[in-house]
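Chemist: what follows is a predicted protein model with its sequence.
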Amino acid sequence: MRGTKVHRMPAFSEPSFVDRLLGWYRQAGRDLPWRRSPTPYQVVVSELMLQQTTVATALVRYSRFLQAFPDFPSLASATEDEVVAAWAGLGYYQRARHLSRLARQVEKAGLPKGEAAWRRLPGVGPYTAAAIVAFAEGGRTLAIDVNVRRTLSRLLALKDAPRLDVAIRSAIEPALPADSGEVNQALIELGALVCRPTRPSCPSCPLAEICLGRHQPELYGHGPKKAAVRDERIQLVAVRRRGRLLVRQRTTRLLEGLWGLPAAAAGELGLPDGVQGGPVLDTSVQFTHRFTHRRWQVRCTVVDGDGEGHWIDPRAPDVALAGPDRRAVEMLVAGGYIDG
């Protein structure tokens, strides 16, 4: 394999690799709800939820989501807007739309079997398909997420290169048991708790004795360079009428399907298209909202008027507001700007 030398270590052909890893995991692994007797549905929900979301955030939302939609039939019967609303607070709402469409396809065609079948469904990439097979089907496969890639790159002393995942698979998969779910969870956990991106805890690693990269772990597992964060100025306009606020459903990809306050041109205090009203009141509602690759500098103004859209009670919105808009509305209520 050009550019990627694979070290085949004797430990991988012996039980010691798996035994060391599982022995550590059964003592130190976190008790996460999606790891308890996982069904294909629970794995799909948790894996899509954990994409671009921290475990701490997912822990709060996972149980709530399953209470609203406990299985594929209940999720398939819900509207996409209802699923997006239940996803509120997790961000990256395209995942919720993928999940909604996936459930409808499963209800129509039946539960897929195997990685290739799962990958044909919306929102399911190579890692998620492998995770479903490993965790819910009891299959033999290696689910390579960012934690596993970093951990095994160090273990094998493999620097970033084209087809790195193929190299890792060829070295590791022969050592996996037929039911590889617990080993995959252990590798994910090892990367999250011990083999961290910075300051890895090598002395406490159960695989330290067989790790080829233990003396210079910083050389391995960097992954692709992160894109620079882009600053954007966002001017929201709160159109109020008899204690209610005007909101519109967003169509841009970033927050598609969620609702928010109308936006004016950045840096201007004019009215958005389709809004009529009196003098604009500049408020003290200003804050920063961070996404992965962009940072919104949000400023909000208030106008008494009318406009095209949907009117909400700001104290109890009946639609799923986007994160920055929800924060702006809460600040408007707290600041006494709603009732004039």
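Modeler: Ah, there it is.
Chemist: from residue 137, how far off is the closest residue to residue 97 other than its chain neighbours?
Modeler: Distances taken as C-beta to C-beta, 6 or more residues apart in numbering place residue 80 nearest to residue 97, at 5.8 Å, with adjacent residues excluded. (Glycine included, C-beta is placed from N, CA and C.) For residue 80, the distance to residue 137 equals 27 Å [C-beta to C-beta, to the nearest Å].
Chemist: mind checking which of the two has more residues around it?
Modeler: Neighbour count, other C-beta atoms under 10 Å: between residue 80 and residue 137, residue 137 has more, with 19 against 14.
Chemist: show me what contacts the residue lying closest to residue 272 once chain neighbours are set aside?
Modeler: Sequence neighbours aside, residue 262 is the residue nearest to residue 272 in space, at 3.9 Å (criterion: C-beta to C-beta, 6+ apart). By C-beta atoms under 8 Å, 6 or more residues apart in numbering, residue 262 lies in contact with 236-237, 239, 246-248, 272, 274-275, 307, 309.
Chemist: how much space separates residue 262 from residue 145?
Modeler: Using C-beta to C-beta, one gets 39 Å for the distance from residue 262 to residue 145.
Chemist: again with residue 105
Modeler: 24 Å.
Chemist: higher neighbour count, these two?
Modeler: Using other C-beta under 10 Å, the more surrounded residue of residue 105 and residue 145 is residue 145, with 20 against 15.
Chemist: please name the nearest non-neighbouring residue to the more buried one.
Modeler: residue 127 (5.1 Å).
Chemist: go on, residue 189?
Modeler: For residue 189, ignoring the flanking residues on the chain, the nearest one in space by C-beta to C-beta, 6+ apart is residue 29 at 4.9 Å.
Chemist: let me see the contact set for that neighbour.
Modeler: Under the criterion of C-beta under 8 Å, 6+ apart, the neighbours of residue 29 are 35, 185-186, 189.
Chemist: need the max-distance pair from those.
Modeler: 35 and 186 (10.8 Å; C-beta to C-beta).
Chemist: who has more neighbours, these two?
Modeler: When neighbours are counted by other C-beta under 10 Å, residue 35 and residue 186 differ, and residue 186 comes out ahead with 22 against 18.
Chemist: so the more buried one versus residue 27, what's the distance?
Modeler: Remark: distance between residue 186 and residue 27 (C-beta to C-beta) = 11 Å.
Chemist: again with residue 44
Modeler: Separation of residue 44 from residue 27 (C-beta to C-beta) stands at 29 Å.
Chemist: more neighbours: those two, which one.
Modeler: Applying other C-beta under 10 Å to residue 44 and residue 27 shows that residue 44 carries more neighbours, namely 27 against 8.
Chemist: strands - which of the contacts of residue 262 land there?
Modeler: Among these, DSSP state E puts 236-237, 239, 246-248, 275, 307 in strands.
Chemist: domains of this protein?
Modeler: 10-219, 230-334 (automatic domain parsing).
Chemist: any chance of the ones you listed in CSV, plus mean pLDDT?
Modeler: Shown next, in CSV, are those (pLDDT from 0 to 100):
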stretch, mean pLDDT
domain 10-219, 90
domain 230-334, 87
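Chemist: what residues are up against the residue nearest to residue 97?
Modeler: Contacts for residue 80 (C-beta under 8 Å, 6+ apart) come out as 96-97, 100-101, 257.
Chemist: by neighbour count, which of the residues you listed wins?
Modeler: When neighbours are taken as other C-beta under 10 Å, the top entry among these is residue 96 (27 neighbours).
Chemist: mind checking how far the nearest residue to that residue once chain neighbours are set aside is from residue 57?
Modeler: For residue 96, ignoring the flanking residues on the chain, the nearest one in space by C-beta to C-beta, 6+ apart is residue 87 at 3.7 Å. Relative to residue 57, residue 87 is positioned 12 Å away (C-beta to C-beta).
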